[in-house]
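Trainee: Any chance you can model this:
(one chain, ligands or ions: 3)
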Amino acid sequence: MKVLKFGGTSVGSAERMKGVASLVTSPDNKIIVLSAMAGTTNSLVEIANYLYKKNYDGANEVINRLEKSYLDTVKDLFSEEEYRKKSVELVKSHFDYIRSFTKDVFTVFEEKSILAQGELITTALFNFYLQEKGYNSVLLPALDFMRTNKNNEPDTVYIRENLQRLLKSAPNKHLYITQGYICRNAFGEVDNLQRGGSDYSASLIGAAVDAVEIQIWTDIDGMHNNDPRYVEDTKSIAELSFDEAAELAYFGAKILHPTSVLPAKLANIPVRLLNTMDSKAPGTRITSSQHKGRLTAVAAKDNITAIKIKSGRMLLAYGFLRKVFEIFESYKTPIDMITTSEVGVSVTIDNDRHLEEIVDDLRKFSTVEVDRDQVIVCVVGDLVAENNGYANRIFEALKDIPIRMISYGGSEHNISLLVHVKDKVKALRALSAKLF
Ligand code: ADP
Ligand code: ASP
Ligand code: MG
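Mentor: Numbers count the residues shown, from 1 in each chain. Ligands and ions are numbered 1, 2, ... in the order given. You can find the predicted model right below:
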């Protein structure tokens, strides 16, 4: 079995959905994971924000606009009246459901139910389209197998058992269609795997069915060696290791959701990143093979806060770092980068929800400085210590840019540098010019 995931742009219009259909209908069995049509989840977030503020006119305006765009898609997608009628009813029932929230209390639970609607509608329409064209397809409801546990981590045992059960209950099918992104949490409530989480769904599904390959189809020909949104002439990378891909995804390469590499890596399932607009392009293949002797790619992670923690008594003191880490742990706030000196330690975080409490607690035994608007620029490659000169090339590229922190040696394939957001694009471009 192969798992193929198509992102929002890949199913962003009736034309695109037809294109996807032509890519998936070869005779081998497949699980097809879809995101919502491009722009849908953003609109659903907008609707939820209006509903929190009890701005029902605002909410209704976005609901009507989004509903119309789905009804227009239905018109263009189907040629048979029967399917068009079924699809119009389906779209209307989902939007009536969304409208029902304009009359009631609105909390995070209702918000999550709303956010799930995009994937539910998109997969249902795509399934109808395949059936209209005579393909043997069936919907596998993600809410019946995709689940997180009390730590908000995927419950892999539950996912495997229930997905296998659903597959067995629909034998003789050729194309299994399911929703990315959405899941149930440990309490059985509708939830999601965070924005961009359909890649994660695909990887979890691949692991749960022991897939031979996981394909992530998107709007670009694989992982590029720098962020194409900011840097010109970036190039697609033919081969990446799981570790390199995970670092790039974690440090901002949007083509992959940060957590999506791990399930595939643990199950050793190759991942291919492919382009829906250019299906013949080789894209990127991600496997366990490490690639020696190269600097592979650059990525940047935004919205980073740096915290400098100084202790007058760090000299020969032990227990200081433990106290610092315990505070971050108690607020469930992960640290990305860390550098230490005789007198203190600097760390970065990207989740600043508990920043105030963290700083208050740190101030009980140290002086604290906070710098916002920072960016982690990350260079990924074969960065073992023996590869003399690689670090030098990186610093040479960044010689005109103030660097706030450097982290090297924590992993064999990553150097991370912290710069101010105003220098981000300059840093990315300078690195591409010098390294590739
Ligand atoms: P999808 O909707 O298919 O999930 P995304 O928008 O989430 O697509 O991811 C694809 C986008 O990721 C590309 O259009 C590109 O702009 C962006 N991107 C950022 N960094 C990279 C990179 N290093 N390589 C390729 N694409 C990248
Ligand atoms: N539709 C969701 C989002 O926009 C999930 C995804 O695209 O992966 O975040
Ligand atoms: Mg994405």
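
Trainee: Around ligand 3, pick out the residues from this structure.
Mentor: Within reach of ligand 3 by C-beta under 5 Å from the ion, the chain has these residues: Gly7, Gly196. In this view, the C-beta of every residue, glycine as well, is placed from N, C-alpha and C.

Trainee: Just want the most central residue of the chain.
Mentor: His257 (2.2 Å; C-alpha atoms, centre = their mean).

Trainee: What separation do you get for that residue and ligand 1?
Mentor: 8 Å (C-beta to the nearest ligand atom, to the nearest Å).

Trainee: Pretty sure that residue sits against Ala249.
Mentor: Yes. Applying C-beta atoms under 8 Å, one finds His257 in contact with Ala249, separated by 6.6 Å.

Trainee: excluding its backbone neighbours, what's nearest whichever residue of the chain sits closest to ligand 3?
Mentor: In the chain, the residue found nearest to ligand 3 is Gly196; the distance is 4.2 Å by C-beta to the ion. Leaving out its chain neighbours, the residue that sits closest to Gly196 by C-beta to C-beta, 6 or more residues apart in numbering is His257, at 4.6 Å.

Trainee: ok, now Ser201?
Mentor: Excluding its sequence neighbours, the residue lying closest to Ser201 (C-beta to C-beta, 6+ apart) is Gly180, at 4.0 Å.

Trainee: which ones are touching that neighbour?
Mentor: Under the criterion of C-beta atoms under 8 Å, 6 or more residues apart in numbering, the contact list for Gly180 reads 5, 33-35, 119, 142, 193, 197-202.

Trainee: Ok, Thr73 next?
Mentor: By C-beta under 8 Å, 6+ apart, the neighbours of Thr73 are Ser13, Ala14, Met17, Met37, Leu125.

Trainee: Helix or strand for it, just tell me which one.
Mentor: helix 56-77 (DSSP states H and E).

Trainee: buried ones in that helix?
Mentor: Using 16 or more other C-beta atoms under 10 Å as the burial criterion, the residues of helix 56-77 that qualify are Ala59, Val62, Ile63, Leu66, Glu67, Tyr70, Thr73, Val74, Leu77.

Trainee: What of stretch 338-354?
Mentor: Buried residues in stretch 338-354, defined by neighbour count with 16+ other C-beta under 10 Å: Thr339, Gly344, Val345, Ser346, Val347, Thr348, Ile349, His354.

Trainee: Relative to ligand 2, which residue of the stretch 251-400 of the chain is the closest?
Mentor: Of all residues in the stretch 251-400 of the chain, His257 sits closest to ligand 2, at 6.6 Å by C-beta to the nearest ligand atom.

Trainee: Double-check that that residue belongs to a helix.
Mentor: No. Per DSSP: H, G, I helix; E, B strand; the rest coil, His257 lies outside any helix segment and is coil.

Trainee: tell me the phi and psi of it?
Mentor: The phi and psi values for His257, taken as degrees, to the nearest 10, are phi -70, psi 140.

Trainee: Do you have the helices of the protein handy? List them.
Mentor: Ranges of helices in the chain, per DSSP state H, are 14-24, 40-52, 56-77, 81-100, 108-115, 117-132, 156-169, 198-208, 242-250, 261-267, 320-330, 355-362, 390-397, 424-435.

Trainee: most packed of those?
Mentor: helix 198-208 (a mean of 28; mean count of other C-beta atoms under 10 Å).

Trainee: how far out from the middle of the chain is that one?
Mentor: Distance of helix 198-208 from its chain centroid, counting by C-alpha atoms, centre = their mean, to the nearest Å, is 12 Å.

Trainee: quick one: low-confidence ranges for the protein?
Mentor: Residues of the chain meeting the criterion pLDDT under 70: 312-317.

Trainee: which bits of it sit near ligand 1?
Mentor: The chain comes close to ligand 1 at residues 7-10, 35, 196, 218-220, 223-224, 227-229, 253-255, 299, as judged by C-beta under 6 Å from any ligand atom.

Trainee: again, only using 8 Å
Mentor: Counting by C-beta under 8 Å from any ligand atom, the residues of the chain close to ligand 1 are 6-10, 35, 38, 196, 198-199, 216-220, 222-229, 234, 236, 248, 252-257, 273, 276, 297, 299.

Trainee: Of those, which belong to strands?
Mentor: Judged by DSSP state E, strands contain the following of the residues of the chain next to ligand 1: Phe6, Ile216, Trp217, Thr218, Leu273, Ala297, Ala299.

Trainee: interface residues of the stretch 151-300 of the chain facing ligand 2?
Mentor: Residues of the stretch 151-300 of the chain that fall close to ligand 2, judged by C-beta under 8 Å from any ligand atom: Gly180, Tyr181, Asn192, Leu193, Gln194, Arg195, Gly196, Gly197, Ser198, Asp199, Ser201, His257.

Trainee: Thought Ile182 was touching the third one, still the case?
Mentor: Yes. In this structure, Asn192 sits in contact with Ile182. The criterion is C-beta under 8 Å, and the distance is 5.3 Å.

Trainee: got any residues that touch both of the two?
Mentor: Common contacts of Asn192 and Ile182 (C-beta under 8 Å, 6+ apart): Leu115, Ala116.

Trainee: returning to that earlier point: any chance of the ones in strands among the residues of the chain next to ligand 1 in JSON lines, plus neighbour count?
Mentor: Formatted as JSON lines, these follow (neighbours: other C-beta atoms under 10 Å):
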{"residue": "Phe6", "neighbour count": "29"}
{"residue": "Ile216", "neighbour count": "29"}
{"residue": "Trp217", "neighbour count": "25"}
{"residue": "Thr218", "neighbour count": "23"}
{"residue": "Leu273", "neighbour count": "26"}
{"residue": "Ala297", "neighbour count": "28"}
{"residue": "Ala299", "neighbour count": "26"}
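
Trainee: Nothing else from me, thank you.
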